[in-house]
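In: Build me a model:
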Amino acid sequence: MNTDKKIVFVIPDMPGGGTERVVALLANEYAGRGIAVTILLFAGHQTAYSLQDGVEVVCLGEPSGGKILRRIARIRRMREYYGRNRGCRIWAFSVMGAVFSAVALGRHRKEYEFLVSERNDPDRYDHPLIRNLAYCLADRVICQTVDAADSFPGAIRRKTRVIPNPVETGEMQMWRGEREKRIVAVGRLEPQKNHKLLLQAFAQFVRQYPEYTLELYGQGALEEELRELARRLEIDTCVMFCGFSRQIGKDIRKAAMYVLSSDYEGISNSMLEALALGMPVIATDCPCGGSRTYIQDNVNGLLIPTGDADALADAMKRLAQEPEVGVRLGREAAKLKEQLSVSKIAECFLRSAAGSVSIRETQGEKS
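Out: Next up is the predicted model:
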């Protein structure tokens, strides 16, 4: 395994989110090992997460807005950057990062180690042909679940490796005191996360448990629509829109429960972090299998059907009625912390890029 070559993470921007969090954790880990690391932002200039001094950030421009000339200019700037860093390891953590990089490399692609990390449900992408063409040019395609890997055509599937997200909770341990009567959810306020379902379920729940509040951490296009729904459901006084947090573990660890209401996910990084913190977790069993990969229903968390507000409300009521169940679930969930440490996942990426990890090896490490 050659660890001398620079790793270049390719991502649109880093305004805060699960993918950006993973990139920041891996970049810091590799920089700490003495590996040269660059984060190449091709559609923005934000860096919401703390980065070590050894991590270089290069910004190639702003969002294109779909304008072809801006995209051509972006590809040209990428080609120039890769030309100045001949032979670097290119790790694209977005579909368009993979597409633009593949075009920018052109006939020189074989001079680089080209790895793509699929971050969502592959079946939900609007332009699979363009994506698949780019992925076919990659040396490795990293998926977060076996279901995601199996959704690709054979030519891509044969080069796919399955690696989960790293989890970093620092020195924080499972909260062992009385839990605060807060229900928390973490994620972008976008349709995929289905916060409307969560608000509808909470409206049922809070009629029976009016002492609880719901805290939504994250930003997104649906914020005003969700605020209006909360008003219509008459729960706006007990629903808090908390925005983006740089210390989410500290903010949520004492809460009564964490809820993931998504319609689909790769693996929710915030869900893994909540599990590692020993929180009682309720999650939709959504495609492409990330929740059920790490949650055994009624063992270390509760799984509910996707899109079922009644089932979500019932699960929330159960944890409120039976706090000892939450303690038991959290105790089992906290065992994930060591399994998904940043150092272990970082090593899996290096080994996968070098071709020394089988398609199921990393997934087989789960408990």
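In: Could you say which helix or strand holds F9?
Out: Using DSSP states H and E, the element containing F9 is strand 7-11.
In: ah, wrong one, I meant I142
Out: strand 140-143.
In: ok, and for the helix or strand that comes right after that strand, which residues are buried?
Out: Using DSSP H and E, the helix or strand that follows strand 140-143 towards the C-terminus is helix 146-150. Using 16 or more other Cβ atoms under 10 Å as the test for burial, helix 146-150 gives V146, D147, A148, A149. Quick note: C-beta positions are derived from backbone N, CA and C, even for glycine.
In: Tabulate these in JSON lines, adding columns for distance to R232.
Out: Formatted as JSON lines, these follow (distance: Cβ to Cβ, whole Å):
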{"residue": "V146", "distance to R232": "40"}
{"residue": "D147", "distance to R232": "36"}
{"residue": "A148", "distance to R232": "36"}
{"residue": "A149", "distance to R232": "41"}
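In: got the residues you listed as TSV, with distance to E29 and pLDDT columns?
Out: Listed next are the buried residues of helix 146-150 as TSV, based on distance: Cβ to Cβ, whole Å; pLDDT from 0 to 100:
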residue	distance to E29	pLDDT
V146	25	94
D147	27	94
A148	23	94
A149	24	95
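In: A138: which of those is nearest?
Out: Among these, A149 lies closest to A138 (Cβ to Cβ), at 13.4 Å.
In: Now do the same contact list for the closest one.
Out: V141, C143, R157, T160, R161, V162, I359 (Cβ atoms under 8 Å, 6 or more residues apart in numbering).
In: what does L189 give?
Out: By Cβ under 8 Å, 6+ apart, the neighbours of L189 are H195, L216, G218, Q219, G220, A221, L222, E223, L226.
In: Let me know the pLDDT of the nearest residue in space to it that is not next to it in sequence.
Out: In this structure, L189 finds its nearest non-sequential neighbour in G220, 3.0 Å apart by Cβ to Cβ, 6 or more residues apart in numbering. G220 carries a pLDDT score of 94 in this model.
In: List the residues that contact G220.
Out: G220 sits next to R188, L189, E190, K193 when contact means Cβ under 8 Å, 6+ apart.
In: could I get these as TSV with pLDDT?
Out: As requested, these are exported to TSV (pLDDT from 0 to 100):
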residue	pLDDT
R188	93
L189	97
E190	96
K193	97
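In: Among the residues you listed, the buried ones, what's the ChimeraX command?
Out: This is how ChimeraX selects the buried members of the contacts of G220, with burial counted by 16+ other Cβ under 10 Å:
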select :188,189,190,193
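In: Let me have the contacts of G220 in CSV, adding distance to L336 and secondary structure as columns.
Out: Shown next, in CSV, are those (distance: Cβ to Cβ, whole Å; DSSP: H, G, I helix; E, B strand; the rest coil):
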residue, distance to L336, secondary structure
R188, 23, coil
L189, 26, coil
E190, 26, coil
K193, 21, helix
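In: which one of the contacts of G220 sits closest to Y125?
Out: Using Cβ to Cβ, those come closest to Y125 at E190, 15.1 Å.
In: Nearest spatial neighbour of that closest one, chain-adjacent residues omitted?
Out: Nearest non-adjacent residue to E190, counting by Cβ to Cβ, 6+ apart: G220, 4.6 Å away.
In: any idea how far the one you found is from E62?
Out: G220 sits 19 Å away from E62, taking Cβ to Cβ, to the nearest Å as the criterion.
In: my guess is K181 meets P210, correct?
Out: No. Using Cβ atoms under 8 Å as the test, K181 is too far from P210 to be in contact (9.8 Å).
In: Now do the helix or strand bottoming out on mean pLDDT in the chain: which elements does it pack against?
Out: The weakest-scoring helix or strand in the chain, judged by mean pLDDT, DSSP states H and E, is helix 336-339 (a mean of 88). Other helices and strands packing on helix 336-339, by 3 or more Cβ pairs under 8 Å, 6 or more residues apart in numbering; DSSP states H and E, are helix 269-276.
In: Run the chain-centre distance for the helix it packs on.
Out: Relative to its parent chain, helix 269-276 has a centroid offset of 10 Å by Cα atoms, centre = their mean, to the nearest Å.
In: residues touching the closest residue to H45 other than its chain neighbours, list them.
Out: Once flanking residues are discounted, H45 sits nearest to C59: 4.4 Å by Cβ to Cβ, 6+ apart. Contact partners of C59, counting by Cβ under 8 Å, 6+ apart, are L41, G44, H45.
In: Tell me, how many residues neighbour the last one?
Out: Okay, so that is H45. 14 (other Cβ atoms under 10 Å).
In: mind listing what's buried in stretch 205-218?
Out: For stretch 205-218, by 16+ other Cβ under 10 Å, it's F205, V206, Y212, T213, L214, E215, L216, Y217, G218.
In: Now, those residues that are in helices?
Out: F205, V206 (DSSP state H).
In: tell me the contacts of V184?
Out: L214, E215, Y217, D251, I252, A255, M257, Y258, V259, A274.
In: ok, now how distant is it from F202?
Out: V184 is 11 Å from F202, by Cβ to Cβ.
In: could you pull out the strands for the stretch 1-150 of the chain?
Out: Assigned by DSSP state E, counting those that start in this stretch, the stretch 1-150 of the chain shows strands spanning 7-11, 37-41, 55-59, 89-92, 113-117, 140-143.
In: Skipping its backbone neighbours, what lies nearest I252 in space?
Out: Among residues not flanking I252 along the chain, V184 sits closest, at 4.5 Å (Cβ to Cβ, 6+ apart).
In: Can you classify that neighbour as helix, strand or coil?
Out: strand (DSSP: H, G, I helix; E, B strand; the rest coil).
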